[in-house]
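1. requesting a structural model of the entry that follows:
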Amino acid sequence: MTFRPCFVIPVYNHGATVGATVESLLVHEIPVYLVDDGSEAETATELDRLAATLLSTRLVRRDDNGGKGAAVMSGMAAAIADGCTHALQIDADGQHELRDVPRFLDASRTHPEALVCGVPEYDTSVPKGRLYGRYVTHVWVWIETLSFEIRDSMCGFRVYPLAPMSRLMREERLGTRMDFDIEVLVRLVWRGVRILNMPTRVIYPEHGVSHFRVFHDNLRISWTHTRLFFGMLRRLPALLPRRLGLRTE
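-> Coordinates of the predicted model:
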């Protein structure tokens, strides 16, 4: 099949960092879908500037702030309509190591059926509370998929194959905020999509803008794990033979 990748960048009040992120990606000469998730005027103006001056960028504008997941899905829907086959999701806040982009795109080109998933390598800038909380989520994801296939379920640096993602968005009501990254991986694994884990450096910039709300987002993620756990139980007749088969190969 023809490999037609793109970048999808959800943006919510990241006007100070999104420009540098986008300009660093232009060397790859593939489309950049910027999704304005109801940002304030300063960021909206910066996004208008980028879309007007950089030919490879397309601005998708949401009227209201729907959350990271909603923004990513809006960007993917636009990319699918334009004929893209794969989308590299990147955060707008400067956390991700953009020098790894060629490596991730090459892996996706070689394994177009797989979801190429970033496994973070942190420096000392990572908040310890966020780091420890991730491990709790990882354990739940291993239970929900009956496997260790997903090494990190919360890193937003990943390449999605858009064909299975399009079907998933049509057939399931997915989480629209910080729960999106977790839920979408589990549900794609349930559908037989292969996960290809790749290490990548992740930093937390000193003056970076984080929209993770400790109480509300952790509560939402806990509810997501509850739904996924019972979803796993319903799928046991199909999942368990598959996992047992993998172990005996």
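2. going forward, measure contacts between C-alpha atoms and count neighbours the same way
-> OK.
3. residues contacting the most centrally placed residue in the chain?
-> With distances taken as Cα atoms, centre = their mean, the residue of the chain nearest its centroid is G156 (3.9 Å). The contact partners of G156, by Cα atoms under 8 Å, 6 or more residues apart in numbering, come to 89-91, 118, 181.
4. one more: C155?
-> Contacts of C155 by Cα under 8 Å, 6+ apart are 117-120, 181.
5. the contacts of G156 in strands, which ones?
-> Among those, DSSP state E puts 89, 118 in strands.
6. need the contacts of G156 in TSV (columns: distance to G175 and neighbour count).
-> Shown next, in TSV, are the contacts of G156 (distance: Cα to Cα, whole Å; neighbours: other Cα atoms under 10 Å):
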residue	distance to G175	neighbour count
Q89	16	22
I90	18	25
D91	17	20
G118	20	26
D181	8	21
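7. quick one: which of the contacts of G156 is nearest F229?
-> Closest approach between the contacts of G156 and F229, by Cα to Cα: D181, at 16.0 Å.
8. re earlier: so the residue nearest to the centre of the chain: helix, strand or coil?
-> Applying DSSP: H, G, I helix; E, B strand; the rest coil to G156 yields a three-state assignment of coil.
9. next: R103.
-> Classified using three-state DSSP, R103 is helix.
10. burial of it, as a residue count?
-> 13 (other Cα atoms under 10 Å).
11. F104 now?
-> 24.
12. quick one: low-confidence parts of the chain?
-> Residue ranges of the chain with pLDDT under 70: 1, 124-133, 205-217, 246-249.
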